[in-house]
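Q: quick one: sequence plus predicted model below, questions after.
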Amino acid sequence: MQQDPPPGFKLFEPLDSVIAAFAPVFIRRDEGHVTIGFRVGAQHCNLHGNCAGGVWATLADFQMGMNVGLMTGLSGPTVSMSVDYLGAARPGQWVEGRTRLLRRTPKLAFLDATFTVDGEFALRADGIFRLKWPVPDWFAKNPSPA
């Protein structure tokens, strides 16, 4: 079973115990945003051997939350999020998420995220985030402290 991430991805050192529970998670810095990825492991799976819905939702929230800061210069709590599960992910498969900023108001940002499994579309999420705090300097410069 392949364990290495695709080229350009670096290990993300978790900053809290929530993301640490899903490690290893990888990150690639792209122009104006970041892409996250992970290879499905036992820590991600439910009793049926599929990546659990709660894992998908948590990592979608993480993906959009990181990107709202990079795309707007402000971060804040998730106001609302919806997730559409369109496919499954099994152990060893590579999952990759991308985010778009759809709209911004003075206090809110509207984003969507899509996730692929080995290149096949598998999840779509929409999120609304409160724009409340400046992004920390270390994050704006390098969202992966590793």
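A: The structure has been received and is ready for your questions.

Q: ok, now which ones touch Ala109?
A: Residues in contact with Ala109 (Cβ atoms under 8 Å, 6 or more residues apart in numbering) are 68, 71-72, 74, 101, 103, 128-129, 131. The way it works is simple: take the backbone N, C-alpha and C, and place the C-beta from them, glycine included.

Q: the strands in the protein, which residues?
A: Assigned by DSSP state E, the chain shows strands spanning 10-12, 25-30, 33-39, 74-75, 78-85, 94-104, 108-117, 120-130, 133-134.

Q: what helices and strands are in contact with the fourth one?
A: Using 3 or more Cβ pairs under 8 Å, 6 or more residues apart in numbering; DSSP states H and E as the contact criterion, the elements in contact with strand 74-75 are helix 53-72, strand 133-134.

Q: between the strands of the chain, which gets nearest to Asp4?
A: Minimum separation from Asp4 across the strands of the chain (Cβ to Cβ) falls at strand 33-39, 8.4 Å.

Q: now the closest one against strand 108-117, angle please.
A: Using axes from the mean of the first three to the mean of the last three Cα atoms, to 10 degrees, the inter-axis angle of strand 33-39 relative to strand 108-117 is 40 degrees.

Q: what sits up against strand 33-39?
A: By Cβ under 8 Å, 6+ apart, strand 33-39 touches 2-3, 5-6, 9, 12, 22, 24-28, 44, 59, 62-63, 66-67, 70-71, 92-99, 143-144.

Q: burial of Ala122, as a residue count?
A: Residues near Ala122, counting by other Cβ atoms under 10 Å, number 22.

Q: and if you look at Asn50?
A: 18.

Q: buried ones among the contacts of strand 33-39?
A: The neighbour count (16 or more other Cβ atoms under 10 Å) marks 5, 9, 12, 22, 24-28, 44, 59, 62-63, 66-67, 70-71, 93-99, 143-144 as buried among the contacts of strand 33-39.
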